[in-house]
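How does the following fold in three dimensions:
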Amino acid sequence: MQNLGEPHAGASQFTDIGTTLPPQHFDAIIIGAGLGGLLSAAHLLQRGLRVAIVERLPHSGGRFTAKNFHGVQVSTGAVHMVPFGSSGVLAHMLHRLHIPHHFFDADVFGSFHVHGKQFRARGLLSVYKFLGAHQFFWLVYIGYLIFLRPLPPYEQQLPFSLWLERHIDVKRNPQLVAFFERIARFALSLDLPQVSTAEVARITKHMLRFGAPAIVQGGCGKLTNELESHVCAQGGKLLLSHEVLRILSHDGAVTGVRLRNKADNEEFELHAPLVVSDVGPRATVALLQNRTVTQSNVLKQQVDHADIHEAVGLKVHILSDISLIPHRGIMYCLDTQRIAGMVQPTNSDPSLAPPGKHLLISHQVIQSNNIEEERALALADLHLLFGEAFDKHCRVLTMGMYRGEWPVNRIVQGEDRLPQTPLRGLYQVGDAVKPSGYLMVEGVAQSVNLFLELLETLDHTSQQSNTDIQPRHYVMPAPSRLNALRWLWKAPGNAGKR
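So this is what the prediction gives:
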């Protein structure tokens, strides 16, 4: 196998992306330069493959990057946060790839805005402050049911809201129900009836066992830039502003893609025996069928078919003259109409906003088709949370929603697709291919791990004559359950750096 990133002898190279190109040959083609696509490319380059990445936007990163807006790093999707922090799957993968990064782990389990006050909980036991003795008892009981005994098969697929109703009196435990509801809305963009009990159990175990969430130094855009630089330095070919029109195949196997340069509308083909799609199952199927997926058609389908569920949300970026959240974790909002949680990432990295300013990001689940009403309810919640301080010290920078086909991959947690497809050589990674129990960017990283392990196993199978070859184990297991004990009293608050 050739040196890292070095093309095979005689392989043609791009000299000017804007010119008409003859068919090009690579070992692998990545569709989409989101986090999943960039991580996949970096690993394939590490294996010595020739890799081309095709991205329809003029920049990479997808929902894991940021734009500078009035000196503020406004995130395109993620809230500059990594759910499992410096102990998680993404951090482990970045270490493996030698990608420079620095994570600031949360210094609290979280805070909870309830009864008109903000209660800071350094550890899980601190939620006693606002739950009180009665509701805290039932929280401990729920913990016992989830952690210390196997979930009976008949309970696993129950919606978590129904499971709660069977085990506690939900009317007598409103803050406890809101506790679970807001965490689900913030972390999954789902309401409790939309997520299974088994998935809640797996996610909860991973959240506790991996450790505190973390803010990325420089924001998610900085990490995306590091990944992009690494891919290009290793010889990967990144084609921005190029749209894939069709996935090509022959005799049941993928052969490449046909794409269009959006700058001059020139069309050409790239050929490879391996294609990795980071654009979501819906768009991937459309590319196989030589058709496109539009936002309007997707939204109409959701209206016409009430059984179609997707994760949908609205995110608000706020610039404040004063600090409103006194820690590096998540503030969950239990007494709001819409906003489920907020973060103030400048507590970890002040460079995400102008000097002396504070960046806050709120998140909520969209619960109606009236987007203007959803925005108005978000503003009403912000006034409820911060009162006169919001009017005096804050201004809204952006209010962005995600639903339908943009951004892509909004599949309900626990209903994700498998990385392998019926077409030989075609695989999927990204937010719609998350293994069960892994959320947000941690799930994206773990989807890449699954793809790589599957690819390694197939390579091993094809070389069975060499008994010395053993597949590498990419998939990272969850840490010991003993790690969860540190959450009972105090979040660790360590910083992870590479």
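
Tell me where the stretch 151-300 of the chain is predicted with low confidence.
Judged by pLDDT under 70, the stretch 151-300 of the chain has its weakly predicted residues at 293-300.

residue ranges for the strands of the stretch 301-450 of the chain, please.
313-320, 330-333, 339-343, 358-365, 394-402, 426-428 (DSSP state E, counting those that start in this stretch).

Those: which one's closest to residue 106?
strand 330-333 (7.3 Å; CB to CB). In short, each C-beta sits where N, CA and C put it, glycine included.

Paired strands for the closest one, with orientation please.
Strand 330-333 pairs in its sheet with strand 110-114 (parallel), strand 339-343 (antiparallel), by DSSP bridges.

quick check: mean pLDDT across it?
Computed over strand 330-333, the mean pLDDT rounds to 98.

burial count for residue 129?
If you count neighbours by other CB atoms under 10 Å, residue 129 ends up with 14.

Could you find the closest non-adjacent residue to it?
residue 119 (4.9 Å; CB to CB, 6 or more residues apart in numbering).

Tell me how far the helix or strand containing that neighbour lies from the chain's centre.
Using DSSP states H and E, the element containing residue 119 is strand 117-121. Averaging C-alpha positions (CA atoms, centre = their mean, to the nearest Å) puts strand 117-121 27 Å from its chain's average.

other SSEs contacting it?
If you count contacts as 3 or more CB pairs under 8 Å, 6 or more residues apart in numbering; DSSP states H and E, strand 117-121 packs onto strand 110-114, helix 128-147.

Could you dump those into CSV with distance to residue 436 added?
Listed next are the helices and strands packed on strand 117-121 as CSV, based on distance: least, CB to CB, whole Å:
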stretch, distance to residue 436
strand 110-114, 23
helix 128-147, 15
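
Residue 217 is nearest to which of the ones you listed?
strand 110-114 (20.8 Å).

Please enumerate the strands of the stretch 51-200 of the chain.
Using DSSP E, counting those that start in this stretch, strands in the stretch 51-200 of the chain cover 51-54, 66-69, 72-75, 81-82, 102-105, 110-114, 117-121.

Tell me who's in contact with the residue lying closest to residue 135 once chain neighbours are set aside.
Setting aside the residues directly before and after it, residue 135 is nearest to residue 176 in space (CB to CB, 6+ apart), at 4.5 Å. When contacts are counted by CB atoms under 8 Å, 6 or more residues apart in numbering, residue 176 is found next to 131, 135, 138-139, 168.

Mind picking the one among those that's closest to residue 227?
residue 139 (39.1 Å).

Helices of the stretch 301-450 of the chain, start to end?
Here the stretch 301-450 of the chain has its helices, by DSSP state H, counting those that start in this stretch, at 371-386, 388-393, 440-462.

For stretch 440-451, buried residues please.
440-451 (16 or more other CB atoms under 10 Å).

picking up where we left off before, could you save the strands paired with strand 330-333 as a markdown table and add columns showing distance to residue 479?
Listed next are these as a markdown table, based on distance: least, CB to CB, whole Å:
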| stretch | distance to residue 479 |
| --- | --- |
| strand 110-114 | 20 |
| strand 339-343 | 24 |
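
of all the ones you listed, which lies closest to residue 91?
Closest to residue 91 of these, according to CB to CB: strand 339-343, at 18.1 Å.

For that closest one, give the mean pLDDT please.
Rounded mean pLDDT across strand 339-343 is 98.

cool, stretch 78-97 as well?
94.

Dump the C-alpha coordinates for that stretch into CSV.
The C-alpha coordinates for stretch 78-97 follow below in CSV (Å, rounded to 0.1, in the frame of the first residue of the first chain):
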residue,chain,number,x,y,z
ALA,A,78,-24.1,22.2,17.2
VAL,A,79,-24.0,24.6,20.1
HIS,A,80,-20.1,24.3,20.2
MET,A,81,-20.7,21.4,22.5
VAL,A,82,-19.5,17.7,22.5
PRO,A,83,-21.9,15.6,24.6
PHE,A,84,-19.4,13.2,26.2
GLY,A,85,-16.6,15.7,26.5
SER,A,86,-12.9,14.8,26.7
SER,A,87,-13.7,11.1,27.5
GLY,A,88,-16.1,10.6,24.7
VAL,A,89,-16.0,8.9,21.3
LEU,A,90,-15.2,12.0,19.3
ALA,A,91,-12.3,13.0,21.5
HIS,A,92,-11.0,9.4,21.3
MET,A,93,-11.2,9.5,17.5
LEU,A,94,-9.4,12.9,17.3
HIS,A,95,-6.6,11.5,19.4
ARG,A,96,-6.3,8.5,17.1
LEU,A,97,-6.1,10.8,14.1
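
returning to what we had before: for the strand holding residue 119, buried residues please.
Buried residues in strand 117-121, counting neighbours by 16+ other CB under 10 Å, are found at 118-121.

could you give the angle of it to strand 110-114?
Orientation of strand 117-121 against strand 110-114 (axes from the mean of the first three to the mean of the last three CA atoms, to 10 degrees) gives an angle of 160 degrees.

How is the chain divided into domains?
Domains of the chain are assigned by automatic domain parsing as 24-63+221-299+411-462, 70-107+308-402, 128-209.

Of all the ones you listed, which one is nearest residue 476?
Nearest of the domains of the chain to residue 476, taken as CB to CB: domain 70-107+308-402 at 5.2 Å.

mind checking how far residue 39 is from residue 416?
Plainly put, residue 39 is 17 Å away from residue 416 if you go by CB to CB, to the nearest Å.

Who has more neighbours out of those two?
A direct count of neighbours by other CB under 10 Å for residue 39 and residue 416 places residue 39 higher, at 29 against 21.

right, and that one touches residue 224 too?
No: assessed by CB atoms under 8 Å, residue 39 is found out of contact with residue 224, at 10.6 Å.

Provide a list of residues in contact with residue 315.
Residue 315 touches 75, 77, 79, 361-364, 398-402, counting by CB under 8 Å, 6+ apart.

Quick check: beta-bridge partners of it?
residue 363, residue 400.

Next one: it from residue 162, what distance?
For residue 315 relative to residue 162 (CB to CB), the value is 29 Å.

And residue 66, by the same measure?
In this structure, residue 66 and residue 162 are 39 Å apart, going by CB to CB.

more neighbours, the two?
residue 66 (25 against 13).

pretty sure the more buried one is touching residue 76, no?
Yes: here residue 66 reaches residue 76: they are 6.4 Å apart, a contact under CB under 8 Å.

Quick check: chain neighbours aside, which residue is closest to residue 198?
residue 156 (3.8 Å).

wait, what's in contact with the one you found?
So residue 156 contacts 196-198 (CB under 8 Å, 6+ apart).

Tell me, how many residues neighbour residue 122?
What residue 122 shows, counting by other CB under 10 Å, is a neighbour count of 18.

Pull up the gap between it and residue 212, please.
11 Å.

Ok, residue 174 next?
Distance from residue 174 to residue 212, counting by CB to CB: 27 Å.

And residue 37, by the same measure?
Taking CB to CB, one finds residue 37 at 27 Å from residue 212.

Check residue 272 too.
40 Å.

More neighbours: which of the two?
Neighbour count, other CB under 10 Å: between residue 272 and residue 212, residue 212 has more, with 29 against 23.

how would you label the more buried one: helix, strand or coil?
Recorded secondary structure, residue 212: coil (DSSP: H, G, I helix; E, B strand; the rest coil).
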